[in-house]
Every structure is written in structure tokens, then in C-alpha cells.
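Undergrad: Just need the structure, nothing else, for what follows:
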Amino acid sequence: MNRTISQVQRLLVGLCTLLFVGRIFLGANSALATPSIPGEYDFIFRKSNSTTVPEVDCRFYPNTKCYSPNVQHPQQVLWGDTHLHTIYSFDAGADGARLTPADSYEFAKGNEVTIDAGQPVKLSRPLDFLVVTDHSDGLGAFGDFLYNLPTDCGSDQEQVNTWHEMILAGGDEASQASSEIIASFSQGNFPLCMFPSAEEFQTFWQEIIDAAEAYNDPGNFTAVIGYEWTSLLGGNNLHRNIIYRDNGDKAKQLVPYTTDQSTNPEYLWDWMQNYEDKTGGNVLAIPHNGNLSNGLMFAEIDHNGNPLTEDYAKRRQLWEPIYEVTQIKGASETHPEISPDDDFADFEVAGWDIGNLDLSFPKPPETDPEARKKMFEHEYARPALKNGLKFEESLGANPFKFGLAGASDSHIALSAVEENSYMGKFVSEAPSAERAVEDHGGRLGWQYGASGFIGVWATENTRKALFDAMERREVYGTTGPRMKVRFFGGWDFANSDLEDMAEVGYNKGVPMGSDLPPAPPVPAIYPPPIPSPTFMVAAMKDSDSYGANLDRIQIIKGWLDAEGETHEKIYDVAWSGGRTPDTEGKVPAIENTVDTETATWDTTSGADYLETVWTDDEFDLTQRAFYYARVLQVPTPRWTDYDKAFYGDEWDAACAAAETDPELDIVCDEIPLTLQERAYTSPIWYSPATVAMESTSESTQPVENVAEEDFWDTIIQQVEKRYSTK
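TA: As a prediction, the model looks like this:
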């Protein structure tokens, strides 16, 4: 009897011992499910010129509680254009632009402006802010060239005289001169006599600053100072738009950087650092959409052909927090050849996937799909975001951690990208019955898109607040419509949180452009619950009378697996019309109701508002990932359809004539007449903790992740085995 009691006591002691050890194992196992602060570096590195640093600097620490309770979170989205050219840009002026930055601001504020053809124009709705970004190379020199032809051009004089005559002739000749000037600059043989002197350059820069200062009205309309650095490597586009947080007193202290000094983006970053050191100000760069870079915009080597380094990655993330994903020269989110499972990847890519900016270097032919895919992988946003996860894994820093924005890149001094009143990229592309089928610089007119704008979630309409929102990547791009989109990431959002989305989103999670916060502590129970991130997203249609309803909201996920391979998946998370997803979760296409003869559509199709809380049920806590939302409108008329409906028989006749032109490759029935406008939010990133579990004894090995009943069977078997009296 005593022996039996002793055996029971020993069994209970052993059971308790193993339960204690098992708890340690489970605790160690649970640690795998508890990530540290996201990323091996959890903030954008502080800029060295800061003289005073607040206790919490919201510009550099997007994961901290920047908005509550001490700092008001953004309650409004502000709309603007961060990429616009005037007569101060040589290519715009050569093609016929005569409007100035002052005209650009007047138009953006909703005032009437008379364009070069003598017609009065007015924006349907004012913008909240505008950045005039004239090219720094040749800044302001066109006016002198036009009215005071240079005569000291040496061997280039004949060419300069010819261009001058063509520009004075106007029309097609001026357009041709503009194309030749762009090509000349692209290939590095632009006549030096056409550039301004150092004194003239300073004067023109001051004039641009003066215009911005005159029109800046904090709280009502913000005129942001900026310029475009125009790096072209043999026609491969690496442009960056430089955005100032500052007023003119600082911006005037250093003239803009030019490619005459260097075409290397790293030297541009050096200039930006020098500007901040000298003035105490702040600047950032927005890369031009990369579809014309021929794989250089997001290359895996630097400008000198060397592998990317940790320092490069940190500097690029610091200076280039957002990226231009859509504009008149097409969309650069993704391409159907690199995202074959994305039903909406074939959007505004035609014509922009054939070669670089001046078509001096074609893309690989369709007969070599692997070469094309490799090039596209390094010039579109989604594959760049995926490759960024690889670099973060190998370098400890992510060079391609950027938010998504839209802009126009208009060269007519007007931010006019409405489909029903699209005015073209250049003056020569103004509305006409023929413009859709004309050759515009080697691409067909219809291949240009009426796009886009940037939406900024800012605390107020000022230079500082707009800049800070861009720097923390709380922005999104649209192809033109001003739909309102919110996107938050966290670990425990519920459907009830949608009732107070903004307040709850900031308090329980993070907004677009941020890293996911640490996961909540995992209870020491078995089996341990594996956390999955939740995302709260909502979209409201454009309130304009032309604003179309919404088709769906999608969340695009990219991730890096254990073998170092990247993947992507598109999830339909909210949609209109009661459609039923198929077995793969895809929602069927919404009906296209556009009448292309009249450029009208069924305005009852779709939804005014969509919202949801979505959980990533396929989440793997060991894998780096990013998520961004894409919002699609119902199909509506494209600008080509508005032209067709307006010009009628003239449009048909021009198209038919173009089909017979042996120099043009046009099939009229293949010109797209409808589109689904869209918005792209900045991503939210997840980075796992690295948990190393080193053991030297059997007792410290974690218990395998088995079913609960199997776990207890294992415990009892081990107790019986260890304390058996047999």
C-alpha cells in the first residue's frame, strides 16, 4: 500500500515536473508568435541636421502613438499634384506651353485661366495643393531661347537655329522640335549654349520660389516649392521630383541639383543632405514612375554597377519615401507578364512597355518572355516591393520601402486629368478628332492616360503638414477620381470598429505607410494561438457629379518565403452587387454598362461606399510581408470615348485614315474606350522577429506542434516511462 502511494506521489511529482517543463517549452514556442518591433530597424533613420528633436518625432517614427492623445490624427484627405511643368521647362515650352507657374496656381485654386489657344479653362473643383516641378536642367531658359536666340553655339548653331525656326512655326513642327530636344538631352548631346548661365539659373529659381510664395495660403491652398531632377541615362528615365517642406527663405539658399553635375541618384541624395545641413530645412524625393527606366529604377545594382549595400538601402528609404505609381505616361503598379493571376494588371501599360523614354532602347521582344519579365521586375512597384523584402532579409534594410502616389506630369502648366475634359500631356495633344490616332513621340495618342492625383492624409493644409504626411507615407495615388480611402493594419480589429474607423484605427493599429505594430502577447496555453494581422479598409466614391460608384476593394499581399522566393496574391475583400466569389475567392467582373456611342453609363451600378475588416488567414509569422489596398470603380468612359462621342463622324474618319497609314500600327477597334479608375494605398509592412532556440539537451527541445489530445498523451507516456516501477 505504501509502495503504491509512493508510486502515485512520484507520478504526480513527475507529472508536475513535466508540466512545468512543458510550460517552458510552450513559452519558448509561443515566443515565435510574438514579433519584436517590426523590422530589424524600426524607424526611418533620423536626419543628422536636426537641431531640436521632440520627445516623439512623428516624421521618423510611424509606429509610435503620434496621433493620440497629444497629437491630432489626420481627419481630412487633401488633394494635389506633385508633378507639373510650365514654360520654365524647355520641353514644355518647345511644344507650345506659354503658361507660367503663376497660371498653374491660379488654375489649381479653381480660377479661370486662358490657355495658349485663347480658350478660357477652369478646373471642375479646386485642388488643395500643387507642386510646380519644372526641370532643373535648363530651368527657365526657354523664354530666352524663344525671344533671344543664342548665337554662341559653335558647331551646334545650325541645329539650334533649326529648332528655333520649328518652334516659331508652331503646330506639328514645334512638337517635332520638342521630341528632338528631348532625345538630344536623353543622349547627352544637348547644346550647352541653350542652358542658362549660373546667374540666370539663380534668377529663374528665385522667380519660381516667388510664385509659390505669392500663392501659398496656409489652411486654404498650399503652393509647395519643388523641381524635377531629370536623370536620363541614354533615354532611361530616372527622374525624381524634389519636394520642399520649407518656405522660400530656405529654398533660395541653394539652387536645384542638375544632371550636369551628375545623373547618379546617390549624388542627388548628397545634395539633399547638404541642403538640409546648410539651411536646417527638409526635402524629399518622389521617383518618376519607372515604366520608362528599362529596369534601372529598381535595379539590384547601384549606378556604378555594384551590388546594393545596407547604406544604400537606408539612404534610399530615407530620401525617397513615396513613389509615383500612376501618371499620364501610364501606370507602374504591375504588368500582366509579371502578375499573370491579377485580372486587373493590364491597366494603362500599352505603349509604355515597348521601350524607354525616347524609344532609343526597346524592351526585350515578346518572343523572349523571361528577359521581359526580368526587366519589368525592376521598373514596376509591386515586384520592387517584393524585392525589397529580399533586401531587408539580406542587408538588414529595405531600399524599396515606399508609399504609393499619383501625379499628372502635365506639360501644359495645368493639372487637368479628368477623363471627360482631358487636355493632353503637351500642347500639341490638345483635344481634336485626330489626337487619339496621332504619333506623339513614337507612341500613339490613345496610349496616354488621363492621370493622376495624390491623396494626402494631413492634419492641416500647410507645407509642413503635407510634407510630414508624405514622409510618413500616409498617402495614396489615384488615376484621377478623388475617392476617399482609409487603410489600417493591426492585430485585433473587429467589424464594430468600422463605426469609428479613424479613432480606432490609430489607437489599435497603424495607418497606410507604416509597419505593423508588435503582436499582442500570446497566452501560455496549448496549443498557442498564432496571431494573424487584421486590416480595416474603407472607400467612399468621388463626390463629384461625375464620380462613379465603386466595384470592389482588394488587398494585395506580397511575401518572402523560407526559401527566399517572393510571392503575391490578390484578395477581393469587399464588393458591390451581391456577387458570389468563385472557389478561388475571386469576385466575378462587374457588368460594363458604358454606352460608347454616347459616353454614358448606368450610374446605379456599384456602391457608394465599401468597407470591411479582413484577416489574413494564410499568415505565416516567420515571413516578411506587405499589404496594400486597391480600390476599383465600375467601368466608365475613357477620354478616348469622350472624344469619340464628341467628334462623332470626324473621329471615325480620322481613325479609319490612320488604319491605312503604313507608318502607324493602329486597329481602331482595339483602342480602349472604357476603363476602371482606381486608387492605390501605401503599403503596410510586417517583419518577423528572429527567435533562435539553441539547445544541448533533450529536455530543452520544444514540444512539437501536435493536437491537444496528443500533447497530453505524450506527457503521460513520458511520465510513465520515466517513473515506471516495472
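Undergrad: What does the pLDDT read for Asn2?
TA: We have a pLDDT of 47 for Asn2.
Undergrad: now do Ser605
TA: 94.
Undergrad: Wait, it touches Thr593, no?
TA: Yes - counting by CB atoms under 8 Å, Ser605 does reach Thr593; the two are 5.3 Å apart. In this view, the C-beta of every residue, glycine as well, is placed from N, C-alpha and C.
Undergrad: More neighbours: those two, which one.
TA: More crowded of Ser605 and Thr593, by other CB atoms under 10 Å: Ser605, with 21 against 16.
Undergrad: so that one is in which element?
TA: According to DSSP states H and E, Ser605 maps onto no helix or strand at all.
Undergrad: Give me the nearest residue to it, chain neighbours excluded.
TA: Distance criterion CB to CB, 6 or more residues apart in numbering; nearest residue to Ser605, sequence neighbours excluded, is Val634 at 4.9 Å.
Undergrad: what ranges do the strands span in the stretch 151-300 of the chain?
TA: For the stretch 151-300 of the chain, the strands defined by DSSP state E, counting those that start in this stretch occupy 222-224, 226-229, 232-233, 236-237, 240-244, 283-287.
Undergrad: shaky segments in the protein?
TA: Residues of the chain that meet the criterion pLDDT under 70 lie in 1-71, 545, 689-726.
Undergrad: if you set the cut-off to 50 instead, what comes out?
TA: 1-65, 67-70, 690-706, 708, 711-712, 714-716, 718-726 (pLDDT under 50).
Undergrad: picking up where we left off before, give me the common contacts of Ser605 and Thr593.
TA: Jointly contacting Ser605 and Thr593 under the rule CB atoms under 8 Å, 6 or more residues apart in numbering are Val634.
Undergrad: Contact partners for the closest residue to Asn592 other than its chain neighbours?
TA: The shortest distance from Asn592 to any non-neighbouring residue, by CB to CB, 6+ apart, is to Pro635 (4.1 Å). Under the criterion of CB under 8 Å, 6+ apart, the neighbours of Pro635 are 551, 590, 592-594, 601, 674-676.
Undergrad: on that earlier part again, can you tell me how far the residue nearest to Ser605 sits from Arg552?
TA: Separation of Val634 from Arg552 (CB to CB, to the nearest Å): 9 Å.
Undergrad: shared neighbours of the two, anything?
TA: 576, 590.
Undergrad: who wins for most neighbours among the contacts of Pro635?
TA: Asp551 leads the contacts of Pro635 on contacts (other CB under 10 Å) with 28 neighbours.
Undergrad: State the helix or strand in which it lies.
TA: Here Asp551 is assigned to strand 550-560, by DSSP H and E.
Undergrad: go on, Ala656?
TA: helix 649-659.
Undergrad: Who are the packing partners of that helix?
TA: helix 639-647 (3 or more CB pairs under 8 Å, 6 or more residues apart in numbering; DSSP states H and E).
Undergrad: who touches the helix it packs on?
TA: 419-422, 431-433, 435-436, 446, 449-450, 594, 596-599, 637, 651-652, 654, 671-674.
Undergrad: same thing with stretch 252-262?
TA: Contacts for stretch 252-262 (CB under 8 Å, 6+ apart): 136-137, 139, 195, 201-202, 205-206, 209, 227, 229-232, 242, 267-268, 271, 274-275, 278-279.
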